[in-house]
Structure formats: structure tokens, C-alpha cells
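S.K.: Need a 3D model of the sequence below.
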Amino acid sequence: MTTQRDSTATESDESPTTTPSARPRRPAAARPNAPAPLGRTTLTIESIVAVEPPREFRLHPRDRSIAYTDEAAGARQLFVLPLRGGYPSQLTASEKDVSDPQWSPDGRRLAYVRDRELRVVDADGSRDVVVTSATGVARPRWSPDGLRLAFVARRRGWSQVWLVAAPVPRRGRPARDPRPPEAAPLTATGVDVDDVAWFPDGRSIAVVAFRPPEHATAEIHVVDVATGAERRIAGGAGEWASAPRPMPDGGLLYITDADGWFQVVGLSADGKERQVLTSGAREHGEPTGGVGWAPHPSPDGRRFAHVEVHDGFVDLVIAPVEGVVPPKRGRGRPPKNRPAIVAAGEGHVVNPWPGVWRVFGWTSDGAWVAAVGESETTVQDLWLLPVPGVAPDGTRPRQVTTSMPAVLASAFAEGRRSPGERFTLKARDGLRLEGTLWRPPSATGKRGAPRVPAILYPHGGPTWQSYRSFIPMKQLLVDEGFASVDVDFRGSTGYGRDFRRANFGEWGHADTFDMIDAAHWAAEQPWCDGRLAIYGGSYGGYLVLCALVEEPGLWRAGVDLYGDSEISESFRHGDRPGRLDLRRQMGQPDDGERADLYRRGSPVYRAERIEAPLLLLHGRRDRRVVPLMTERMIEALEIENKFHEVHWYDDEGHGFEKRENRRDAYRRIIAFLRQHVLDDPEAAVQPEPDEH
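M.R.: Below is the predicted model:
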């Protein structure tokens, strides 16, 4: 569940991305995209693929600047933007994408990842050195004294934590052939580590990992740096725990679904007391617990920032760490495992408008939190949000970056876009499903108003949800005359543990019926003309194939982006994170009791049932859902003489990152849906010049 079989290719899960680095910054504004030029700007494929917001923001330890990654000259590069005015500086000039920048504690250097290399560059870009190389290197984390780097790598076939001495500036003439430091493993083989965080004393590290024999749930262990000794503090036995963030006093914040919903828990420095700091039937994190989704303690440890998920939105909340005084313990021997104390204090939502907000840091004075925010009509950007009771009265949120191209601003200006509408329905077994609908303004559902076709969208994952974030492709579909219908099928996050686990053993079956039930719901709405299509990527693409074979007469068309077709084969050929995800939700395909479930959930065996035209798009370098999955489906479609179109992207992996490929994919998708759903024979995609 920690590994998403990602969103769609054309809209990334970790989602939106970057604009050119030297974009001018807009002054602070209470609402995004206003005022906007009142031209007649319309959305086009060319314009929506030009939107590339920054990613991976990291706040300088002394609040001087923000590091982030952005696209430049065909690859993601590392930039630094001063917070007190000025223009960004590009620190790297790499053919390969760079990722995961991390400031050193003194703010003079940045560690980052490029391909298989862990590198360190000076903050002015003057010295860029390779620290170590390894397969699958990721998540560099500086020790508090700045002398070592912890990182995750698969040097021995497992995602282990490794330690290496950090390079330091040398005096005098540098060595002719400097010897790179030797990295040493901290965690054992057989354990897949997913996250790493140093404690303030530098003596121990908190790790999130999946452990043998089942690798079934995420656990948090504290590892002694000197000895490698480990102590489990959360997770296991059905509990999912992740997102450890050390407190200034040596305690720890983390999230856990122990009560059925992800709550934030505070663990005391001695490990004896736990306080549940959030409450209620809402999620306060995502299973991955990655950057942006984890709770963040303030510099003085008195407050913490956390997310709260509801209705497709993500709020950013500031709350006190100590809500109530723990009750006095009675006489007698204390219990070995003390129950957590519910101590949820009153929190304050600090985001200036509804959207999808994620926190990644505090300023050193604790008066501001640094966050990224986006909405259906607002591109992801960096904001500084004042903390109630700490920032001066009357202080307003400050927008730091501006990623919306000016030419598109009017197209997304207030009143120009139909807002998303939340809806609920009951699945055939009574389970409550939720989703979001976008439809053309004229399709009101009133008598005499035009009716439109509906495009059903299952998200990737399956352990994810369709947030109300900036995905302009959905707005483009609305402009083309379709209603776009997001459905959070069983297995989605945001609705509690039981809902998240409701597709265990049910891949391609119960969740497929959820999509079919949602399609019937849409067809019965007064704004819908009954024409239906289904479009999705990764797990969403897999559900496209499953829906087409399960109720073939329901659909006018299907669009599958890099989805599975035979899940037992995917288990054997896909990468390890995807395989572990599949095993924890479906079991082993070689298990006799599970073989029939794997077969049932593999649409390639029922390709003869497909009636709708099908478009398949896939990257040749995909290691999560390997190209074999689409090749198998194509073979089955050709045997059955089914109408289908296919296009391969030789330079793409799991998801389409390159702008020209996203542009081509959108072009093919829109043309296919127009041709087969709107019955427009002239909409067939025209080949590019190099395709003749």
C-alpha cells in the first residue's frame, strides 16, 4: 500500500511540476489567479502541457532561501530561490533528472540524487561532488552535526539504510584523485526501508520499513547508529505506522491507523508515554507518510502542523502538541505497554482557500509554515502561512512562487470554470462511495438543457485517491463537451482503514463493480445522455480493462494508460515495490487458494467480451507495470479481432514525464474520445510528421 501504482501518466501523483526557473514572483495575494486578464483564452493541449510547477521544496535552515527542483533544458535541475527577493539560481546542469534536495544543517551545502549517484553541491553551486554511487539511491538525510549522510539504496537487493561520511571543504590544493568515502549499511538485508529520519542527538535514526516474512504493514523502528540495534516503537500486528518526525526534545511524531483512521501520535523522549494528538473519523495523513503528508513539529516543539483530508480537499492544520495533562497513574506496577492518551488540542486551519495543501517546514522563529497549495483551478505553488498566536496580528499568507502562465490565467479565472461537485452513491453491496464531478456549464440537468457524455476516471494506486488538485486535462475534457467523473473506489485512501482494505483479495472485481455502479449512476443523471467512457492510468488503466470485460455493453470507449492485464504475470515481472504491494493485498499468486482470485482479476483472459474501442498507451521503460502487460492485451485483442489502437513511448517509464510525450498522449486521448464517444469521424488523430 505504500507503493502507488501511480496516478496517470499525464497527471503525476505526486502531481504537478515546474515552470522555467527565472519566472518573476508575484506579490502576496489572498486568492490565486486574480485579477486575471479578461480575454477569450481557451484551454489547449499545447497550453496545459506548458504548466510545470516546481517540486520538492526545501526550506533553508536559517530561512534565507528555498531549494527546489524544476525543469530546464530537458531535465529536472536544482534551483535556489532567495526568500527576501531576487531571482532563482540554477545549481546543476545535468543530463539526468535530479531529485530530493536536502540542506546541510549549516545551510552551506545541498545533498541531492542524480541517477544512481548521491551528490553534494555547495549552496552557490561552486563545488559539486559525488559522495557515493548505488542502485536505487534515494532519500539523503544529513546527520544533525552535518558530518554524515544517511541514505537508502539497493546495493544488496534490499532498500537498506546506509551511512557515509559527508564531504567537507578542503584547504589547499585538492588531491589529484580524491578517494570517495566508503558507505556502510546500517539496517539488515531482508528489510525494505521506506523512510529515514535522524534524531536531534545524532545517535539514532527512525526508519519506516516493511519486514519479513510478510512485509504486510509499515513499522517504525529506532536504530542505534553505533550498534545497529533496533527497537520497534509502532506498527505491526495490523497497525500501519509511518511518517516519523523527531521532536526537539528527542520525542517523536508519527501517524498510525490503530483506531481505524490515520491519527497523529506523539511519543515521549523516553518512549513511555504516547499522546494521540488528532481525533475523529478523518484521515490526518497518507499511508506513504512522505514529504508534505507527515506531521511537522515547530522548532520549539510546542505546536505541530498536519494535514486533514476531507471531500477531496487537504487542509493544513496547526495544533498544540499537548492538549491535556496526562492522568496520574494509580498504585501498582505500571503496564508494560501503556495505552495512548487521547490529547487532541484544538487546531486551526491555516490555508487561505480550499484546495490540496501539504506542509514541508517551519521558519526558525516558528511564526510561519512553508507549504505547497493547489486547487482545481490553481497550479501548485509555494506559500508561507502565518501561525495563529505567533505571527503578528493581521499577517497575511504570502505566495512565494507563481507557476500559472499569464496566458492561461484568464482561462482559470474565477467564474470561468465549473467547480467540482461532490457526489455519493451506494455500491451494489451497500458500500458508500464518493467522488467529484465536473460538467459543462450548459449541462444543468434542467428541462431543455443539453445532455453530455460522461468520462469515468479511476485513479492510480490503488492506495490513493482523486484529490481536487490542478489537473487541467479534466477541464479540457469539459471544454470538449464531456462530464468528467472521478470515483474513489474501495481501496482508496481518505475514508478510513476498512475502506482502504476493502479491495484486499478483490482486485479487478469489487473495485471494478464500484466503477460500473458509478457509471450507471452517471447515466441516470439528468445532465447525462447515457454515453459513457472510462479512462485511467496505472491501476486506473487496469480497472479500465476490467470494466470493459465485466460489462461490455456499457461503454462507448476505453483508454488504458500503462495498466496491468494479467496480475500474476505482473507479480513475476514487475519491480519489487509493486510486487510487495500486490502481495500484501492479493497474496501470493502461487498459493492455490489465491490462484483463482488472480485469474479472476486478469482481464486478458476475457478479452473476447470487449465491445468498446480501446486505446492503449505505454512506456517501453516501465518497470512497475512492464510493457509485457500491454503486449499481452494487444495479442488477445488481435486474436479476437477487436478494435484497438496502441502507441508506445520508447523513452518513458511508469508515467509520461517528457513534455512532448504528454502532448502526444493528450492529443491521442482527446481524438479517440471525440471519435468514439461524440461520434465525430473527423476527430481521428492525425499522425505527426515523423510518423508517416
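
S.K.: Show the contacting residues for residue 100.
M.R.: By Cβ atoms under 8 Å, 6 or more residues apart in numbering, the contact list for residue 100 reads 56, 112-113, 138-140. Glycine gets a C-beta too; all of them are placed from N, C-alpha and C.

S.K.: in this protein, which segments are predicted with low confidence?
M.R.: Applying pLDDT under 70 to the chain picks out residues 1-41, 169-180, 323-345, 685-692.

S.K.: In which helix or strand does residue 631 reside?
M.R.: Assigned by DSSP states H and E, residue 631 belongs to helix 628-639.

S.K.: Can you list the buried residues in that helix?
M.R.: Burial within helix 628-639, assessed by neighbour count using 16 or more other Cβ atoms under 10 Å, is assigned to 628-630, 632-634, 636-637.

S.K.: swap in stretch 423-436?
M.R.: 423, 425, 427, 431, 433-436.

S.K.: With stretch 85-103 instead?
M.R.: So stretch 85-103, judged by 16+ other Cβ under 10 Å, has buried residues 88-89, 91-92, 94, 97-103.

S.K.: can you put the buried residues of helix 628-639 in CSV and add distance to residue 527?
M.R.: What follows is the buried residues of helix 628-639, written out as CSV (distance: Cβ to Cβ, whole Å):
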residue, distance to residue 527
628, 40
629, 35
630, 34
632, 38
633, 33
634, 36
636, 36
637, 33
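
S.K.: Pick the one among these closest to residue 205.
M.R.: Residue 205 lies nearest to residue 629 out of the buried residues of helix 628-639, by Cβ to Cβ, at 37.3 Å.

S.K.: start to end distance for stretch 383-390?
M.R.: Across its full length, stretch 383-390 reaches 17 Å between end residues, using Cα to Cα, to the nearest Å.

S.K.: swap that for stretch 124-141, please
M.R.: OK, stretch 124-141 end separation, Cα to Cα: 20 Å.

S.K.: Which positions in that stretch come out as buried?
M.R.: For stretch 124-141, burial by neighbour count (16+ other Cβ under 10 Å) applies to 128, 131-132, 134, 136-141.

S.K.: List the contacts of it.
M.R.: 89-92, 99-100, 102, 111-113, 116-122, 149-155, 159, 162, 164, 166-167, 169, 180-181, 183, 195-198.

S.K.: how about the helices in the stretch 301-450 of the chain?
M.R.: For the stretch 301-450 of the chain, helices defined by DSSP state H, counting those that start in this stretch occupy the ranges 406-409.

S.K.: Also the stretch 1-150 of the chain?
M.R.: 45-48.

S.K.: in it, which spans are strands?
M.R.: Using DSSP state E, counting those that start in this stretch, the strands of the stretch 1-150 of the chain run over 55-59, 65-72, 75-82, 89-90, 98-103, 109-114, 117-122, 128-133, 138-142, 148-153.

S.K.: try the stretch 451-600 of the chain
M.R.: Using DSSP E, counting those that start in this stretch, strands in the stretch 451-600 of the chain cover 452-458, 483-488, 528-537, 557-561.

S.K.: Ok, the stretch 301-450 of the chain next?
M.R.: Counting by DSSP E, counting those that start in this stretch, the strands of the stretch 301-450 of the chain are 303-310, 313-320, 341-342, 348-349, 356-362, 368-375, 378-386, 398-399, 421-426, 432-438.

S.K.: For the ones you listed, give me TSV that also has distance to residue 244.
M.R.: Output for the strands of the stretch 301-450 of the chain, formatted as TSV (distance: least, Cβ to Cβ, whole Å):
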stretch	distance to residue 244
strand 303-310	13
strand 313-320	18
strand 341-342	19
strand 348-349	24
strand 356-362	15
strand 368-375	19
strand 378-386	24
strand 398-399	29
strand 421-426	33
strand 432-438	30
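
S.K.: Tell me which of the strands of the stretch 1-150 of the chain sits nearest to residue 365.
M.R.: strand 55-59 (12.4 Å).

S.K.: Could you tell me the angle between the closest one and strand 109-114?
M.R.: Orientation of strand 55-59 against strand 109-114 (axes from the mean of the first three to the mean of the last three Cα atoms, to 10 degrees) gives an angle of 160 degrees.

S.K.: if we can go back for a sec, can you pull the buried residues of the following helix or strand past the helix holding residue 631?
M.R.: Next in sequence after helix 628-639, counting helices and strands by DSSP H and E, comes strand 644-649. Residues of strand 644-649 classed as buried by neighbour count (16+ other Cβ under 10 Å): 644-645, 649.

S.K.: Assumed residue 675 was part of a helix.
M.R.: Yes. Assessed with DSSP: H, G, I helix; E, B strand; the rest coil, residue 675 lies in a helix.

S.K.: And for it, the neighbour number?
M.R.: 19 (other Cβ atoms under 10 Å).

S.K.: if I look at the nearest residue to it once chain neighbours are set aside, how far off is residue 667?
M.R.: The spatial neighbour of residue 675 that comes closest, neighbours along the chain excluded (Cβ to Cβ, 6 or more residues apart in numbering), is residue 683 at 4.4 Å. Distance, residue 683 to residue 667, by Cβ to Cβ, to the nearest Å: 11 Å.

S.K.: Same check on residue 225?
M.R.: 52 Å.

S.K.: okay, the two: which has more neighbours?
M.R.: Regarding residue 225 and residue 667, a neighbour count based on other Cβ under 10 Å identifies residue 225 as having more, with 19 against 16.

S.K.: Wait, that one touches residue 163, no?
M.R.: Yes. Using Cβ atoms under 8 Å, residue 225 is in contact with residue 163, at 7.1 Å.

S.K.: Can you work out which residues contact both of those two?
M.R.: With Cβ under 8 Å, 6+ apart, residue 225 and residue 163 have common neighbours residue 186.

S.K.: Surely residue 322 is in contact with residue 273?
M.R.: No. Taking Cβ under 8 Å as the definition, residue 322 is not a contact partner of residue 273, at 10.7 Å.

S.K.: what touches both of those two?
M.R.: The overlap between the contact sets of residue 322 and residue 273 (Cβ under 8 Å, 6+ apart) is empty.

S.K.: What is the neighbour count of residue 229?
M.R.: 11.

S.K.: Now it: closest residue in space that isn't a chain neighbour?
M.R.: Nearest residue to residue 229, sequence neighbours excluded (Cβ to Cβ, 6+ apart): residue 223, at 7.3 Å.

S.K.: That neighbour belongs to a helix?
M.R.: No. Counting by three-state DSSP, one finds residue 223 to be strand, located in no helix.

S.K.: would you say residue 665 is within a helix?
M.R.: Yes. Assessed by three-state DSSP, residue 665 belongs to a helix.

S.K.: ok, the closest residue in space to residue 523 that isn't next to it in sequence - how many residues close by?
M.R.: Nearest-residue entry for residue 523: residue 530, 5.0 Å, with adjacent residues in sequence omitted and distances by Cβ to Cβ, 6+ apart. Neighbour count of residue 530, defined by other Cβ under 10 Å: 13.

S.K.: Quick one: residues contacting residue 530.
M.R.: Neighbouring residues of residue 530 by Cβ under 8 Å, 6+ apart: 451, 453, 523.

S.K.: Could you tell me which of those residues count as buried?
M.R.: Judged by 16+ other Cβ under 10 Å, buried ones among the contacts of residue 530: 451, 453.
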